[in-house]
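> no sequence on this one, just coordinates:
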């Protein structure tokens, strides 16, 4: 009997149903979760290959899947940990595989958080010069309108020595030339952000 070939759409739906069933399972030990993960992967491959109808088909598909999991070999450093997880799952070391996966996820999460903190730190350190002029004006007058803010900025630019920004050609141009010019029409955004800071 030939394997039943399913359409890509049907396979996708069946895989989604398996995923939902897997995610609905109660928390369990590393070993139990490992068994559940392996069963999920085996069933997905059986469905993809149309080999879930008979016991013989299922065994043939499972052997091929486990063999592929054991023989994974990539030069991509991004997936080395995942390769180890698959190999341990395929060789009966499920609990160790789940512990390794958990450590890998925690490590990637910490790397991401560190990267986000560095980006946020750089963003704060690299505030646009126009913000350094807008913020104190808004702090002293939280109800200021956009038009009044514009005139206050123009006044500060003419009365302050070495102002961070100058206004010309309908845009605010930073004196240090390290930041882009800000069109007059975007002043509303700076006003909004300054007022939002006050409400925190």
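On my side now, so go ahead. Keep in mind the model is a prediction, meaning the values are calculated, not measured.

> what lies in contact with stretch 97-113?
Residues outside stretch 97-113 that contact it (Cβ atoms under 8 Å, 6 or more residues apart in numbering) are 30, 31, 33, 34, 37, 81, 82, 84, 85, 86, 88, 89. Placement of C-beta: from N, CA and C, glycine included.

> mind running it again at 10 Å?
Outside stretch 97-113, the residues that touch it by Cβ atoms under 10 Å, 6 or more residues apart in numbering are 28-38, 78, 80-82, 84-91, 93.

> and the lengthiest helix in the chain, average pLDDT?
Scanning the chain for the helix with the most residues, using DSSP state H, yields helix 94-125. Helix 94-125 carries an average pLDDT of 87.

> residues contacting residue 12?
By Cβ under 10 Å, 6+ apart, the residues touching residue 12 are 6, 47.

> that one sits in which helix or strand?
Secondary structure from DSSP states H and E places residue 12 in helix 8-23.

> list the buried ones in the helix or strand just after that helix?
Using DSSP H and E, the next helix or strand after helix 8-23 towards the C-terminus is helix 30-49. The neighbour-count check on helix 30-49 (16 or more other Cβ atoms under 10 Å) flags 30, 33-38, 40-49 as buried.

> next secondary structure after helix 30-49?
Next along the chain after helix 30-49, taking DSSP H and E as the criterion, comes helix 55-70.

> helices or strands next to that next one in the packing?
In terms of contacts (3 or more Cβ pairs under 10 Å, 6 or more residues apart in numbering; DSSP states H and E), helix 55-70 is packed against helix 30-49, helix 80-90.

> show me the contact partners of that helix.
Against helix 55-70 from outside (Cβ under 10 Å, 6+ apart): 1-4, 38-39, 41-52, 54, 83, 85-92.

> understood, closing this out.
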